[in-house]
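K.L.:
Fold the following.
(chains A and B)
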Amino acid sequence: GNSVTQMEGPVTLSEEAFLTINCTYTATGYPSLFWYVQYPGEGLQLLLKATKADDKGSNKGFEATYRKETTSFHLEKGSVQVSDSAVYFCALKYSGAGSYQLTFGKGTKLSVIP
Amino acid sequence: GAVVSQHPSRVICKSGTSVKIECRSLDFQATTMFWYRQFPKQSLMLMATSNEGSKATYEQGVEKDKFLINHASLTLSTLTVTSAHPEDSSFYICSAGTGNTIYFGEGSWLTVV
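P.N.:
Numbers count the residues shown, from 1 in each chain, chains lettered A, B, ... in the order given. Got it, this is the predicted structure:
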């Protein structure tokens, strides 16, 4: 079946440090890949997505590239801010019309300190 | 744009009572909605797929008699936690999709005391 594996947290970084959160997946076919962010006490927000191999999703300074050869979708940001402190979830879904079910990784909690 | 709204955002109920959580798609029709549960410090686990006009499809290990799902219209799905117990305390979140996008509700924090 489908599965998503992301690096264990928590991750603590100083402001302006470089961030990488690893995510690898197992799936048949060609899934779409997502990163969601959950700020403290809030629901999920889509951060970025990629729907096919070699696509790069980007938003708010975050980037992730869909690497089919390594089945990975690592999240990166060049300079984190305190406001980036949140839990980040990697997720996949099958492509295709009407397919809206997601499989999530376990989440990685990021804390950015001033 | 499309929005999914969930209500209530927080609820506290007594052990043994039932509590209903609503999930609405505000400006699109959703024949399918999804209910997830998030345990503390863990990921979101799919509980069930809510199907408009028919029975929900539950994931393995989810008690269908305890977590009642009703999807009576194309814009509303409800999750009722029956005879709630403290171990049911969790964060429940719904989602629905339209076009190429999935939208999540704000989530509902349930505390059973």
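K.L.:
quick one: contacts for the closest residue to chain B within chain A?
P.N.:
Going by Cβ to the nearest Cβ, chain B is nearest to residue A:100 of chain A, at 3.0 Å. Glycine gets a C-beta too; all of them are placed from N, C-alpha and C. When contacts are counted by Cβ atoms under 8 Å, 6 or more residues apart in numbering or on different chains, residue A:100 touches A:93, B:32, B:34, B:95, B:96, B:97, B:102.
K.L.:
Can you give the contact residues for stretch A:14-25?
P.N.:
A:2-7, A:11, A:13, A:31, A:33, A:35, A:64, A:70-82, A:84, A:88, A:90, A:92, A:105, A:108, A:110, A:112-114.
K.L.:
Oh, that last question was meant for stretch B:68-81, not what I typed.
P.N.:
The contact list for stretch B:68-81 (Cβ under 8 Å, 6+ apart) reads B:18-26, B:28-31, B:33, B:35, B:47-48, B:50-54, B:56, B:66-67, B:82, B:88, B:92, B:94, B:96, B:110.
K.L.:
Quick one: end-to-end distance for it.
P.N.:
Stretch B:68-81 has its terminal residues 7 Å apart, counting by Cα to Cα, to the nearest Å.
K.L.:
Could you do stretch A:41-60 as well?
P.N.:
First-to-last residue span, stretch A:41-60, Cα to Cα: 20 Å.
K.L.:
How about the residues of chain B by chain A?
P.N.:
Proximity of chain B to chain A (Cβ under 8 Å from any Cβ of the partner chain) is limited to residues B:6, B:32, B:34, B:36, B:41-46, B:49, B:93, B:95-97, B:100-102, B:104-107.
K.L.:
Repeat the analysis, applying 7 Å as the threshold.
P.N.:
Selection of chain B residues close to chain A by Cβ under 7 Å from any Cβ of the partner chain yields B:32, B:34, B:42-44, B:46, B:49, B:93, B:95-97, B:102, B:104-107.
K.L.:
from those residues, which has minimum pLDDT?
P.N.:
When the residues of chain B next to chain A are compared by pLDDT, residue B:42 scores lowest at 72.
K.L.:
Centroid-nearest residue for chain A?
P.N.:
Centroid-nearest residue in chain A, with Cα atoms, centre = their mean: residue A:35, separated by 3.1 Å.
K.L.:
separation between that residue and residue A:44?
P.N.:
To residue A:44, residue A:35 is 11 Å away according to Cβ to Cβ, to the nearest Å.
K.L.:
Kindly report the same for residue B:58.
P.N.:
21 Å.
K.L.:
More neighbours: which of those two?
P.N.:
residue A:44 (26 against 16; other Cβ atoms under 10 Å in any protein chain shown).
K.L.:
Would you confirm that that one contacts residue A:36?
P.N.:
Yes: counting by Cβ atoms under 7 Å, residue A:36 is a contact partner of residue A:44 at 4.7 Å.
K.L.:
nearest residue to residue B:43 other than its sequence neighbours?
P.N.:
Counting by Cβ to Cβ, 6 or more residues apart in numbering or on different chains, residue B:43 lies nearest to residue A:106, which is 4.2 Å off, once chain neighbours are set aside.
K.L.:
Tally up the residues packed near the one you found, please.
P.N.:
Neighbour count for residue A:106, taken as other Cβ under 10 Å: 17.
K.L.:
For it, grab phi and psi.
P.N.:
phi -80, psi -10 (degrees, to the nearest 10).
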